[in-house]
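>>> What would the 3D arrangement of this be:
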Amino acid sequence: MEEIYTHIANLGFPIVISIYLLVRIEGKLNMLTESINELSKAIAGIK
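Now for the predicted structure:
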């Protein structure tokens, strides 16, 4: 039984952290994409 806990601790924790970070980065990437699109429109308006 203790072997199962060890496997969960060694594999489960990194998986949970990875999923959490991917979800956070996805939101920031969406915001960055929107900002780049707005910047492109602003630059096109200047020309």
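>>> May I see the buried residues of the helix or strand where residue 39 lies?
Assigned by DSSP states H and E, residue 39 belongs to helix 13-46. By neighbour count on 16 or more other C-beta atoms under 10 Å, the buried set for helix 13-46 is empty. (Each C-beta comes from the backbone N, C-alpha and C, glycine too.)
>>> Which pLDDT value goes with residue 41?
As predicted, residue 41 sits at a pLDDT of 95.
>>> cool, residue 2 as well?
84.
>>> Can you name the residues that contact it?
Residues near residue 2 by C-beta atoms under 8 Å, 6 or more residues apart in numbering: none.
>>> Relative to residue 21, how far out is it?
From residue 2 across to residue 21, the span is 29 Å (C-beta to C-beta, to the nearest Å).
>>> Ok, residue 40 next?
28 Å.
>>> go on, residue 8?
Per C-beta to C-beta, residue 8 is found 19 Å from residue 21.
>>> And residue 12, by the same measure?
15 Å.
>>> If I look at the residue nearest to the spatial centre of the chain, what pLDDT would I see?
Of all residues in the chain, the one closest to the mean position by C-alpha atoms, centre = their mean is residue 25, 2.1 Å from it. Residue 25 is assigned 95 on the pLDDT scale.
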